[in-house]
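Q: Just to be clear, the model below is a prediction. Sequence and coordinates:
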Amino acid sequence: MANEEENVKRKLAKLFEVALKVTVPSIADVEPLVAACTGKFGDYQCNNAMGLWSKIKGKETEFKGPPAVGQAIMRNLPQSDIIESCSVAGPGFVNVKLSRNWMAQSIQRMLIDGIDMWAPRLPVRRAVVDFSSPNIAKEMHVGHLRSTIIGDTIARMLEFSRVEVLRRNHVGDWGTQFGMLIEFLFENFSNWEDVNEAAIGDLQEFYKESKKRFDSDPDFKERAQKAVVRLQGGEQKYRKAWTQICEISRNEFNRVYQRLGVQLEEKGESFYNPYIPAVLKELTSKNLVEDSQGARVILLEGFNIPLIVVKSDGGYNYASTDLAAIWYRLNEEKAEWMIYVTDVGQQQHFDMVFKAAKRAGWLSTDDNAYPKASHVGFGLVLGDDKKRFRTRSSEVVRLADLLDEAKSRCKTTLIERGKGDEWTEEELEQTAEAIGYGAVKYADLKNNRLTNYTFSFDQMLNDKGNTAVYLLYAHARICSIIRKSGKDIEELKSIGAIVLDHADERALGLHLLQFSEVVEEACTNLLPNVLCEYLYNLSEFFTTFYSNCQVVGSAEETSRLLLCEATATVMRKCFYLLGIVPVYKI
Ligand code: ARG
């Protein structure tokens, strides 16, 4: 394991913790409130003075008001080489200016030891991220794209923070639609046992055809309904047909995951089926489950509908499956944090399921404690008309088609820029994929996930503004500065030193040092857009630095090349965490 270092915010928080204890010994365990700030007085601020004052005022105290408390906190701050100076402003804010020397050395240590030393530390050992989770025999659409992209980034950020992540694909492989699909398979293929993808062709079409049949022919409908019972009863022939259909779907999904570079481990709804009876028994013994009009339900305070866990026909449903999955994840997989990535439309379902799990005593009732479950909801993908994203023929847009188009548009642009003559076909293909898929991902991740966003190739493939294209170009440009200098950057790392004397060098350095706390925040609040914003600002800080500080040929060349390298290193880690493949030349 690489050397770890606590992030700046934590380091400062520790120092302030000591100062707070000395300042007001009568109040125990005051949590230091330290935040980065962008004023000219400091890089970080401690905001405890006002809160403390309201607790001690009126009592016997040497202080006359919050500014005096702030002054005392500042005086009591232990000596530290990370701080250059402090000041107290307004009603008692304690401003801290970091030491340039220390900042420069930290960045240099990261360059030598690797960026992993800046990995955040989280209070969790193992987490489940339940994402993507499409439904068998139905095509993956843009909604699943969002879940796949957001879930993958969350998993990557947690993994970077040394959390063991179980990447779960909770595919819908156990609904009533399977009776219909199986009967349709039998009807159309006498040799159904040998039927593969090539024979069935498009599974979505197959689904639509069988649905038509189901809706129009009562006999077929009846057979389909019986087929569900026989499948769920475990009858061999039906299980076999089901497995085959799932397998075809799986191959289709896997092709998309491969293109997106996403790893997932499938444990579909069917997996939890055998666990449901015992789980419901436990919930019943805890007096949570009751009868209601032939169904079995859990009534939960704050909700105007019951959570149905056994339907009136005796069958299990989405909720009973999710309750069993929580039980399994906690008890068999020993996960402390369960994260579910779906559209906001499922918010209520998860709120209810989590609440039931809390009442059963499975999850902590304190939302800041573990074990806990979090729903990561996201908004809709809209088309140019601001309505739900559809193709012209008003079909759902297929993921694979989107990726094809993003790639081919990028390739065209690269050829227009003359890269067709300069690069091999392979380089052209790989770069077009990296930029095209990266653009689709970034356009999704950069928004707060709860807002709807408009899908626009023109916007996401623009090389100006907050796009992956712009950021990938910025990274490639930094790489080319280093290449063109003709210097061996590995050698510079060990013999050279970083200095942050120019204001723009210092600003860039400070932003680099904040990488770890930003990832931590993005993990804690499950907000990938926080990391996107950081990355975009990083490239802005770099641009300012590069416009005002000559790199190659200057007296500070070595230090500035090292700053370029540090920027490129942090950018690459951001790309990695966002699931974007970096490019090194443009
Ligand atoms: N298959 C569901 C859908 O497409 C998403 C499943 C989410 N995960 C879960 N544990 N319920 O809407």
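A: That came through, no problem. Numbering: from 1, shown residues only.
Q: what about the strands in this protein?
A: In the chain, the strands defined using DSSP state E lie at 34-36, 44-46, 83-89, 93-98, 126-130, 164-169, 265-266, 289-292, 295-298, 307-310, 337-343, 372-378, 381-382, 453-454.
Q: what would those look like in JSON lines with mean neighbour count, mean pLDDT and distance to the ligand?
A: Using the backbone N, CA and C atoms, a C-beta is placed for each residue, glycine as well. Formatted as JSON lines, the strands of the chain follow (neighbours: other Cβ atoms under 10 Å; pLDDT from 0 to 100; distance: least, Cβ to the nearest ligand atom, whole Å):
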{"stretch": "strand 34-36", "mean neighbour count": "18", "mean pLDDT": "96", "distance to the ligand": "35"}
{"stretch": "strand 44-46", "mean neighbour count": "23", "mean pLDDT": "96", "distance to the ligand": "39"}
{"stretch": "strand 83-89", "mean neighbour count": "16", "mean pLDDT": "96", "distance to the ligand": "47"}
{"stretch": "strand 93-98", "mean neighbour count": "23", "mean pLDDT": "96", "distance to the ligand": "43"}
{"stretch": "strand 126-130", "mean neighbour count": "24", "mean pLDDT": "98", "distance to the ligand": "5"}
{"stretch": "strand 164-169", "mean neighbour count": "20", "mean pLDDT": "98", "distance to the ligand": "8"}
{"stretch": "strand 265-266", "mean neighbour count": "12", "mean pLDDT": "97", "distance to the ligand": "12"}
{"stretch": "strand 289-292", "mean neighbour count": "14", "mean pLDDT": "96", "distance to the ligand": "20"}
{"stretch": "strand 295-298", "mean neighbour count": "20", "mean pLDDT": "97", "distance to the ligand": "16"}
{"stretch": "strand 307-310", "mean neighbour count": "22", "mean pLDDT": "97", "distance to the ligand": "13"}
{"stretch": "strand 337-343", "mean neighbour count": "23", "mean pLDDT": "97", "distance to the ligand": "5"}
{"stretch": "strand 372-378", "mean neighbour count": "21", "mean pLDDT": "97", "distance to the ligand": "10"}
{"stretch": "strand 381-382", "mean neighbour count": "19", "mean pLDDT": "91", "distance to the ligand": "14"}
{"stretch": "strand 453-454", "mean neighbour count": "17", "mean pLDDT": "91", "distance to the ligand": "19"}
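Q: Can you add distance to T543 and give these back as CSV?
A: CSV is the format used below for the strands of the chain (distance: least, Cβ to Cβ, whole Å):
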stretch, distance to T543
strand 34-36, 21
strand 44-46, 24
strand 83-89, 26
strand 93-98, 22
strand 126-130, 34
strand 164-169, 34
strand 265-266, 41
strand 289-292, 60
strand 295-298, 55
strand 307-310, 52
strand 337-343, 33
strand 372-378, 31
strand 381-382, 31
strand 453-454, 26
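Q: Between the ones you listed, which one is closest to D113.
A: Minimum separation from D113 across those (Cβ to Cβ) falls at strand 93-98, 19.8 Å.
Q: remind me which residues of the chain are low pLDDT?
A: For the chain, applying pLDDT under 70 flags the ranges 1-3, 139, 391-396.
Q: Can you name the residues of it sitting close to the ligand?
A: Counting by Cβ under 6 Å from any ligand atom, the residues of the chain close to the ligand are D130, S133, P134, N135, H170, G172, D322, A325, Y340, T342.
Q: go again using 8 Å as the cut-off
A: Counting by Cβ under 8 Å from any ligand atom, the chain comes close to the ligand at 130-131, 133-135, 143-144, 147, 168, 170-172, 269, 318, 321-322, 325, 340-343, 346, 349-350.
Q: Which ones among these lie within helices?
A: G143, H144, S147, E269, Y318, T321, D322, A325, H349, F350 (DSSP state H).
Q: Enumerate every residue touching the last one.
A: Translated: F350. Contact analysis of F350 by Cβ atoms under 8 Å, 6 or more residues apart in numbering lists D322, Y340, T342, A373, H375.
Q: ok, 6 Å please
A: Y340, H375 (Cβ atoms under 6 Å, 6 or more residues apart in numbering).
Q: still on that earlier bit, columns distance to L382 on top of the ones in helices among the residues of the chain next to the ligand, output as TSV?
A: Formatted as TSV, these follow (distance: Cβ to Cβ, whole Å):
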residue	distance to L382
G143	12
H144	16
S147	17
E269	29
Y318	26
T321	30
D322	28
A325	31
H349	23
F350	23
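Q: Just the closest of these to C532, please.
A: Of those, the one sitting nearest to C532 (Cβ to Cβ) turns out to be S147, at 17.5 Å.
Q: That closest one contacts D130, correct?
A: No: with contact defined as Cβ atoms under 6 Å, S147 does not count as touching D130 (9.2 Å).
Q: What are the buried residues along the longest helix along the chain?
A: Across the chain, the helix with the greatest residue count (assigned by DSSP H) is helix 236-260. Using 16 or more other Cβ atoms under 10 Å as the test for burial, helix 236-260 gives 238, 241-242, 244-246, 248-250, 252-253, 256-257, 260.
Q: Can you tell me the number of residues neighbouring the residue nearest to L299 when sequence neighbours are not counted?
A: Among residues not flanking L299 along the chain, P306 sits closest, at 5.3 Å (Cβ to Cβ, 6 or more residues apart in numbering). By other Cβ atoms under 10 Å, 17 other residues sit near P306.
Q: G314 too?
A: G314 has 9 nearby residues by other Cβ under 10 Å.
Q: next one: V530
A: 19.
Q: shouldn't it be in contact with A522?
A: Yes: using Cβ under 6 Å, V530 is in contact with A522, at 4.2 Å.
Q: How about the contacts made by the residue of the stretch 451-586 of the chain found nearest the ligand?
A: Closest to the ligand within the stretch 451-586 of the chain is L526: 15.2 Å, counting by Cβ to the nearest ligand atom. Listed by Cβ under 6 Å, 6+ apart, the contact set of L526 reads I154, V376.
Q: quick thing: my sequence starts at 53, can you match it?
A: Renumbered: residue one is now 53, and that last one reads L578.
Q: gap between it and N420?
A: 14 Å (Cβ to Cβ, to the nearest Å).
Q: With D271 instead?
A: Relative to N420, and taking Cβ to Cβ, D271 is found at 57 Å.
Q: Next: T506.
A: 35 Å.
Q: hmm, back to that, wait, the residue nearest to L351 touches V349, no?
A: Yes: when contacts are counted by Cβ under 6 Å, P358 is listed as touching V349 (3.8 Å).
Q: I'd guessed R198 sits against F430; true?
A: Yes: assessed by Cβ under 6 Å, R198 is found in contact with F430 at 5.1 Å.
Q: Buried by neighbour count, from the residues of the chain next to the ligand: which ones?
A: 182-183, 185-187, 195-196, 199, 220, 222-224, 321, 370, 373-374, 377, 392-395, 398, 401-402.
Q: which residues sit in contact with W414?
A: L382.
Q: wait, I234
A: I234 makes contact with A279, Y290, A293, according to Cβ under 6 Å, 6+ apart.
Q: Please apply the same query to L451.
A: M192, L197, V308.
Q: any idea how far the second one is from the ligand?
A: In this view, L197 and the ligand are 12 Å apart by Cβ to the nearest ligand atom, to the nearest Å.
Q: Name the nearest residue to that residue, ignoring sequence neighbours.
A: Nearest one to L197, counting by Cβ to Cβ, 6+ apart, is L451 at 5.2 Å.
Q: any idea how far the closest residue in space to Q315 that isn't next to it in sequence is from N303?
A: Spatially, and ignoring its direct neighbours in sequence, Q315 is nearest to R219 (5.7 Å; Cβ to Cβ, 6+ apart). As for R219, its distance to N303 is 19 Å (criterion: Cβ to Cβ).
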